[in-house]
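Asks: Following is a predicted model, sequence given first.
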Protein chains: 2
Amino acid sequence: MHITALAGGVGGARFVRGLRHHLDITGLAGSTVTVVANTGDDITLFGLRVCPDVDTLLYTLGGGVHEGQGWGRAEESHRVQGELAAYGAVPQWFGLGDLDIGTHVVRSQWLGQGASLSEVTARLAARWGLPDKHIRLLPMTDVPVETHVVVDDPEGDGQRAIHFQEWWVRHQAAIPAHRFVVAGLDRATAAPGVLDAIRRADVVLLPPSNPVVSIGIILGVPGVRDALRGTAAPVVGVSPLISGRPVRGHADACLAAIGVEVTAQAVGELYEDFLDGWLVDPVDASTTLRRARVEVFDGPLLMSDVAATARIAAHALDLAAAVPA
Amino acid sequence: MHITALAGGVGGARFVRGLRHHLDITGLAGSTVTVVANTGDDITLFGLRVCPDVDTLLYTLGGGVHEGQGWGRAEESHRVQGELAAYGAVPQWFGLGDLDIGTHVVRSQWLGQGASLSEVTARLAARWGLPDKHIRLLPMTDVPVETHVVVDDPEGDGQRAIHFQEWWVRHQAAIPAHRFVVAGLDRATAAPGVLDAIRRADVVLLPPSNPVVSIGIILGVPGVRDALRGTAAPVVGVSPLISGRPVRGHADACLAAIGVEVTAQAVGELYEDFLDGWLVDPVDASTTLRRARVEVFDGPLLMSDVAATARIAAHALDLAAAVPA
């Protein structure tokens, strides 16, 4: 079975790790998972190219993630960052650990040598044991794409655009977002293998990633949404909302910015042109979609550990097997 | 009194620190020292621009140097480097500490934003308290210049050029060098302030830096040697050799490569078109130069600590006061 999953950072990474665990324990040895990672969060900091979602996927799937945070490296230190601050380098609102900086230095070096982000990601992934017997990781595009957030200008009557990371990390999404502007997305093309992975999949899964700034960005890559509409594979999503609240992150602020209700129902509707199955928490059992089959998970839709996540992934696969594509 | 010193790395930095100490203890508060740093050692590693001599000067003069090594940062760690190795990034023969990497990241960021090496060096120096009441630091040029070493090709009958750092650090200068090729030097121009600092100085000092790959490279910047010949200031040098051996480093291998004897005499002769005074160790008392006055230091010409170095610097200044320019 060939599975393709579109993934953001923490939620996507944990879901895919749980999916891998499910494939392992059920002995589905021949199954592969192509993970298409959001790169709209990418940012150049201190001259280094940082790909937060790709890195969270690498660290989580490679066993190097800081479990408590969900992102970044375990046993991290911040000596380089102390130096950057001492020199007055900006910005100072994005924390970069020493081990994490190693990734960014190598990525920037290889990109600077002319390698594509796909090639660089594959080389970085090798260190983390990827591809392994199940998982391979692709960035959504090799074209630099950056999500910006239009907010009120605190120093004037107008509006201004700030990088998504500044809004998310520095302001904790607490400044109202008027809209998202994804620089470069209109001219982007899907990275090698991405569209094929969707078209030729047996199952496409949408992990409980942020529907606006993670999944939503991947859907905006030219060709991706059409591939999802056209694929013969069932497309099944896992709701990132429980009882109108995101389990983690600021999906509520993101949905508000695009004028969408913060409910499992409304997020499912966002995907309805290609969605075949939608897995929701028991508290959202009233969800109904016109076309997709809604299924209620038999317990809290929480990725509380790898085993619980594997159960969610298993249910999503069962749902995929049960719905017409 | 305005002093200008041409400096390489460890030897130059220690000499200038001793000179500053001398100016402090003698109350020569109005005296300034313009340090012109060799940048021929510069190298791009892992996409980061590394300026070994500039950094050794910054760390030594700013109180951050690893005293035992003479270069690099005190209390250094190597976590980033461990990551670079884990990813298989090359080269692995140049050790970069975490604190040191902070410098290189900031430098690379600022250079990437379009600042000149002079501007970047000034901004880095501010963190180390420079300029202070005595010292200001200038790179010899803002043009990227890199010293390469022509060696026998181990995989063929011919020769090949390797970066100076590869020869110096990886091979410990143990591979015979046929010659040095300084890429970019012919098209370089002296950095802002460098030629004026030589022309308008009251004294020009040559610390006991490597005469070939440190002082020799600075002398090769178009205009520098002419400025030294033309300046009204006395030019006084301190021999980097004692009894035919370099006190530290591989000046012997460098001199051999350019066909110059490894003696205080021969190094003084290298400078004789502009040199007015030459300070040597008592064991080299037989040194005689046609034009420059040779003076024998009253003790070992060793920069064993700051106080000893200050005495050498004081003697060099006395010699400058005693010779005709």
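Replies: Looks like it came in fine.
Asks: who's in contact with whatever residue of the stretch 201-325 of chain A ends up closest to chain B?
Replies: Nearest residue of the stretch 201-325 of chain A to chain B, counting by CB to the nearest CB: A:V306, 23.9 Å away. Backbone N, C-alpha and C define where each C-beta goes, glycine included. In this structure, A:V306 makes contact with A:17-18, A:21, judged by CB atoms under 8 Å, 6 or more residues apart in numbering or on different chains.
Asks: Over to A:I242?
Replies: With contacts defined as CB under 8 Å, 6+ apart, A:I242 is in contact with A:264, A:281, A:283-284, A:300-302.
Asks: roughly how far apart are it and B:I135?
Replies: From A:I242 across to B:I135, the span is 62 Å (CB to CB, to the nearest Å).
Asks: Measure how buried A:A126 is and give me the count.
Replies: Summarising burial for A:A126: neighbours were counted as other CB atoms under 10 Å in any protein chain shown, giving 13.
Asks: Give me the phi and psi angles of it.
Replies: Here is the backbone geometry of A:A126 (degrees, to the nearest 10): phi -60, psi -40.
Asks: count of residues packed around the residue nearest to it when sequence neighbours are not counted?
Replies: Setting aside the residues directly before and after it, A:A126 is nearest to B:G88 in space (CB to CB, 6 or more residues apart in numbering or on different chains), at 7.8 Å. B:G88 is surrounded by 12 other residues when neighbours are defined as other CB under 10 Å.
Asks: Find the nearest non-adjacent residue to A:L137, please.
Replies: Leaving out its chain neighbours, the residue that sits closest to A:L137 by CB to CB, 6+ apart is A:V35, at 4.9 Å.
Asks: Looks to me like the one you found is in a strand.
Replies: Yes - under DSSP: H, G, I helix; E, B strand; the rest coil, A:V35 sits within a strand.
Asks: Contacts only, for it.
Replies: A:4-5, A:7, A:12, A:16, A:57, A:135-138.
Asks: between those residues, which is nearest chain B?
Replies: Checking these against chain B by CB to the nearest CB gives A:L137 as the nearest, at 15.0 Å.
Asks: The closest one is in contact with A:L61, isn't it?
Replies: Yes - shown here, A:L137 and A:L61 form a contact pair, counting by CB atoms under 8 Å, at 7.4 Å.
Asks: Can you work out which residues contact both of those two?
Replies: Overlap between the neighbourhoods of A:L137 and A:L61 consists of A:L130, taking contacts as CB under 8 Å, 6+ apart.
Asks: Can you tell me which residues in the stretch 1-150 of chain A are near chain B?
Replies: The interface of the stretch 1-150 of chain A toward chain B, taken as CB under 8 Å from any CB of the partner chain, is made up of A:46-48, A:77, A:79-84, A:86-89, A:98-99, A:101-103, A:105-106, A:108-109, A:112, A:123-124, A:126-127.
Asks: Show the backbone phi and psi for the residue of the stretch 151-300 of chain A found nearest chain B.
Replies: Nearest residue of the stretch 151-300 of chain A to chain B: A:H163, at 15.9 Å (CB to the nearest CB). The main-chain torsion angles of A:H163 are listed as degrees, to the nearest 10 and equal phi -60, psi 140.
Asks: so what's it up against?
Replies: The neighbourhood of A:H163, defined by CB under 8 Å, 6+ apart, consists of A:43, A:146-149.
Asks: what's the distance between it and B:D186?
Replies: Taking CB to CB, one finds A:H163 at 42 Å from B:D186.
Asks: Return the member of the contacts of A:I242 nearest to A:E67.
Replies: In terms of CB to CB, no member of those lies closer to A:E67 than A:L302, at 15.3 Å.
Asks: I figured the closest one was touching A:V247, is that so?
Replies: Yes - proximity of A:L302 to A:V247 meets the contact threshold set by CB under 8 Å, at 6.3 Å.
Asks: Compare these two (neighbour count), which wins?
Replies: Neighbours were tallied for A:L302 and for A:V247 using other CB under 10 Å; the higher tally belongs to A:V247 (18 against 15).
Asks: who are the neighbours in contact with that one?
Replies: Residues touching A:V247, when contacts are defined by CB under 8 Å, 6+ apart, comprise A:11, A:208, A:240-241, A:301-303.
Asks: Repeat that for A:A86.
Replies: Contact partners of A:A86, counting by CB under 8 Å, 6+ apart, are B:102, B:127.
Asks: 6 Å - rerun?
Replies: For A:A86, the contacting residues are B:R127, by CB atoms under 6 Å, 6 or more residues apart in numbering or on different chains.
Asks: B:T147 versus that one, what's the distance?
Replies: Plainly put, A:A86 is 30 Å away from B:T147 if you go by CB to CB.
Asks: And the buried ones among the contacts of A:V247, selectable in ChimeraX?
Replies: Provided next is the ChimeraX selection string for whichever of these are buried by 16 or more other CB atoms under 10 Å in any protein chain shown:
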select /A:11,208,240,241,301,303
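Asks: Spatially, which two of the contacts of A:V247 are the most separated?
Replies: For the contacts of A:V247, the farthest-apart pair by CB to CB is A:L241 and A:M303; their separation is 13.5 Å.
Asks: want to try TSV for the contacts of A:I242, with distance to B:R73 and pLDDT as columns?
Replies: As requested, the contacts of A:I242 are exported to TSV (distance: CB to CB, whole Å; pLDDT from 0 to 100):
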residue	distance to B:R73	pLDDT
A:A264	53	97
A:D281	52	98
A:V283	55	98
A:D284	55	98
A:P300	50	97
A:L301	49	97
A:L302	45	97
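Asks: List buried members of these by neighbour count.
Replies: Among these, those buried by neighbour count (16+ other CB under 10 Å) are A:264, A:281, A:284, A:301.
Asks: Point out where chain A drops to low pLDDT.
Replies: Residue ranges of chain A with pLDDT under 70: A:29.
Asks: one more time with 80
Replies: Chain A contains residues with pLDDT under 80 at A:27-29, A:325.
Asks: domain ranges for it?
Replies: For chain A, the structural domains run A:2-143+A:187-322, A:147-183, going by automatic domain parsing.
Asks: These: which one's closest to B:P192?
Replies: Ranked by CB to CB, the member of the domains of chain A that lies closest to B:P192 is domain A:2-143+A:187-322, at 21.4 Å.
Asks: Endpoint to endpoint, the closest one covers what distance?
Replies: Terminal residues of domain A:2-143+A:187-322 lie 16 Å apart, using CA to CA, to the nearest Å.
Asks: what separates it from the chain centre, distance-wise?
Replies: Using CA atoms, centre = their mean, to the nearest Å, we find the averaged C-alpha position of domain A:2-143+A:187-322 to lie 3 Å away from the chain's own average C-alpha position.
Asks: cool, stretch A:149-166 as well?
Replies: Distance of stretch A:149-166 from the chain centroid (CA atoms, centre = their mean) equals 24 Å.
Asks: residues in contact with A:L255?
Replies: Contacts of A:L255 were listed using CB under 6 Å, 6+ apart, and they are A:V262.
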